[in-house]
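> This is the structure alone, sequence omitted:
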């Protein structure tokens, strides 16, 4: 393969004639590929479909809540809608989204590696993901599932609806997640190019590393949990059934031992995307590189010991509640370290005002606002008031969904030219970015207010006095949906007709940009030797060359 | 995959995948991957151990009475069998490393026989439990234990933990069969034995889980 242009070249952008997209042809060459880039692309298509499905469920829920009484569906359908919205968005979209797509596509490139350590396992994880997705969604066909995504017994083990296929689906999705995490950890340990020391890894790689640790250590527990819930439902073993001496709260401990760290499985990769993209947008070296890297590990560590804050009203002892509350607040410390360093990176940078920057601003707003409300709900006395209200719903949509969606969109816009070698329309990207950030705020600020006023989550009907806020929230969600439709249109257009982007349209210093865009099947034309620190933007105009023979 | 062999690395190890530079790097990756996987297995069982701890704490007298209902001699026999099999699998690994192919196959065969013996004894124990109704949850009908609160819960934990472990015995046995096939075909030699090592590691984990289950369920 010829490496047509280096980042320094200002010559007209060239689309590499042979690249990973067209090196092999045919459906089989995709379905049986071991190439991490193609697996990433297949994940990309899959999670986008899941995002659409979960989004349709979300819009159904929002439309139903437009009026205090029944609006477009019955109460049972409503219960299934919010349950499936939760399951699809969490297990099928947010958890695999950034690691599955960009972790797969970019992380080996960032290490200067040819592939992940276990390419076959990587493909297996995709197939497990598909299997789990089909099973989880098949719950609709088998009569629906109405337990909420948390599957709390005794309701989940006694509901007439069939929770079983969804539980098996989540069990299999857990395997997919474990395999991905294990693969990434081993890749980062063993496949770093010569000169790529730990402190030269890009911050996205650090974030993926921290995420993978959580995936490997926490996911087996959710596997066991859903397995036990499934056995309970089918065979009546009584493990969580107080009539047989079981303890339903034990299920909650099991569930949140995974599902709280899972929040960081979702949000840490997003933080990694921002750390990388913010340097490229501000054209400035990341401020406090080591602090951001270590704080990812800090969040991963502390995240394991915070699960009890979901159970303040489940009958924990006051001591446990206090301990979990304090530990939860430490997450805020590590997050704040990141936020200050990101702001420090932007300070006096040569900031490019583009769609990515709009999303970065949105991301910072959601992380700070969502994080602050997180400290608030970790405060026991306040949580007793807010528990299971829309305040909590709005809080986790801000910190978790807001941050993940922003990170995912930043990643799409930042790496789209890397993946496909083509550029999208910046103007439309700015328009849709504004719609999405404003739409997100408009959707969830009313939910904070209505939750604080006492509206419980998951209820089908609500008192008249909450209607104004619910209408505002539904209007915001429409704006959000509209923004996503614009993105879909201009990205599909860019895929087919977009301008040729060139190898490095952002003039980024990331290692993944030091090869052609789209990359060659074997990633780099020459063996990679890393000679510079990551994000080396210190000297404007100086072009850093990572790839040497 | 094979197209990369044109890279003129004539001295390339025959089992070295194209995305690794050296066999040491590949071996390190394989070992690290296996150890991480074993970590996930420990966490999978950890939930059941936690459940055991919680209910033992809730129903102490029940736990004591029910553990008396298990057959100590069968449990102890199984423990001896599994520990011996761990020794032989470790010796098989050593035999592959020093090139004693037939010895390795014999030792692995013994290990697999141990696994089968373990499962047979487990079957005897299970069928007795089914017979007298010492069963989980709603299936529980053992009259002499009825006086203890939540005696069904002991057998829920017992069947979940030993069942999950028995499943691992079957998986481990299959892994060892696959390793034995590789040795039989001359695939694993003193030049390339990491898959044998990984299979043996997995078998040790199966053994180790039992070493914790045995005292918790049978002895205390």
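That came in fine, so what should we check first? Everything quoted here is computed from the prediction, not taken from an experiment.

> Mind pulling up the pLDDT for residue 84?
You didn't pick a chain, so chain A it is. Residue A:84 is assigned a pLDDT of 93 by the prediction.

> To clarify, I was referring to chain B.
Reported pLDDT at residue B:84 in the predicted model: 97.

> contacts for the lowest-mean-pLDDT helix or strand in chain A?
Between all helices and strands in chain A, the lowest mean by mean pLDDT, DSSP states H and E belongs to helix A:155-158, at a mean of 84. Here helix A:155-158 makes contact (Cβ atoms under 8 Å, 6 or more residues apart in numbering or on different chains) with A:147, A:163, A:229, A:232, A:233, A:240, A:241. Backbone N, C-alpha and C define where each C-beta goes, glycine included.

> for stretch A:247-262, same thing?
Counting by Cβ under 8 Å, 6+ apart, residues outside stretch A:247-262 touching it are A:90, A:95, A:150-154, A:214, A:217-219, A:221-222, A:224-225, A:228-229, A:239-242, A:300, A:303-304, A:306-311, A:314-315, B:47, B:50-51, B:54-55, B:58.

> and it, how far from the chain's centre?
Going by Cα atoms, centre = their mean, to the nearest Å, the spacing between the C-alpha centre of stretch A:247-262 and its chain's C-alpha centre is 21 Å.

> do stretch A:77-97 as well
For stretch A:77-97, the gap between its own C-alpha mean and the chain's C-alpha mean amounts to 13 Å (Cα atoms, centre = their mean).

> Against chain A, how distant is residue B:159?
Distance of residue B:159 to chain A, computed by Cβ to the nearest Cβ, to the nearest Å: 8 Å.

> So what's the residue count around that residue?
Residues near residue B:159, counting by other Cβ atoms under 10 Å in any protein chain shown, number 21.

> which element is it on?
Secondary structure assignment for residue B:159, by DSSP states H and E: helix B:151-184.

> Tell me the helix or strand right after that helix.
Scanning the chain past helix B:151-184 towards its C-terminal end, the next helix or strand to appear is helix B:194-214 (assignment: DSSP H and E).

> Please see if that following helix touches chain A.
No: using Cβ under 8 Å from any Cβ of the partner chain, helix B:194-214 stays clear of chain A, with a minimum separation of 12.2 Å.

> tell me what that helix is packed against?
If contacts are counted by 3 or more Cβ pairs under 8 Å, 6 or more residues apart in numbering or on different chains; DSSP states H and E, helix B:194-214 sits against helix B:23-58, helix B:72-97, helix B:151-184.

> for the shortest one, packing partners?
Based on contacts counted as 3+ Cβ pairs under 8 Å, 6+ apart, the elements that helix B:72-97 packs against are helix B:101-132, helix B:194-214.

> Pull out the buried residues from the shortest one.
Which is helix B:194-214. Residues of helix B:194-214 classed as buried: B:194-210, B:213-214 (neighbour count, 16 or more other Cβ atoms under 10 Å in any protein chain shown).

> Give me the contact list for the lowest-mean-pLDDT helix or strand in chain B.
Counting by mean pLDDT, DSSP H and E, the weakest-scoring helix or strand in chain B turns out to be helix B:60-69, with a mean of 92. Contacts of helix B:60-69 with the rest of the structure, by Cβ under 8 Å, 6+ apart, involve B:55-56, B:134, B:142, B:145, B:148-151, B:153-155, B:158, B:217-220.

> for chain B, which spans come out with low pLDDT?
B:1-10 (pLDDT under 70).

> what does it put close to chain A?
So chain B meets chain A at B:1, B:4, B:17-20, B:25, B:28-29, B:32-33, B:36-37, B:39-41, B:43-44, B:46-48, B:50-51, B:54-55, B:58-59, B:136-139, B:149-150, B:152-153, B:156-157, B:159-160 (Cβ under 8 Å from any Cβ).

> Apart from its chain neighbours, what residue comes closest to residue 175?
Unless you meant another one, I'm taking chain A. With sequence-adjacent residues excluded and distances taken as Cβ to Cβ, 6 or more residues apart in numbering or on different chains, residue A:175 is closest to residue A:128, at 5.1 Å.

> nope, chain B
Nearest residue to residue B:175, sequence neighbours excluded (Cβ to Cβ, 6+ apart): residue B:199, at 4.8 Å.

> ok, that neighbour touching residue B:173?
No: under the criterion of Cβ atoms under 8 Å, residue B:199 is not in contact with residue B:173, lying 10.4 Å apart.

> Residue numbers of the stretch 51-200 of chain A in contact with chain B?
Contact residues, the stretch 51-200 of chain A versus chain B (Cβ under 8 Å from any Cβ): A:113-119, A:178, A:182-183, A:185-187, A:189-191.

> In those residues, find the pair that's most separated.
Between all members of those, the longest pairwise span (Cβ to Cβ) is found for A:114 and A:178 and amounts to 23.6 Å.

> mind listing the strands for chain A?
Remark: strands of chain A, listed N- to C-terminal, are A:422-423, A:499-500; assignment by DSSP state E.

> what sits against the residue of the stretch 151-300 of chain A found nearest chain B?
Residue nearest to chain B within the stretch 151-300 of chain A (Cβ to the nearest Cβ): residue A:245, separated by 2.7 Å. Contacts for residue A:245 (Cβ under 8 Å, 6+ apart) come out as A:238, B:55, B:58, B:59, B:149, B:150, B:152, B:153.
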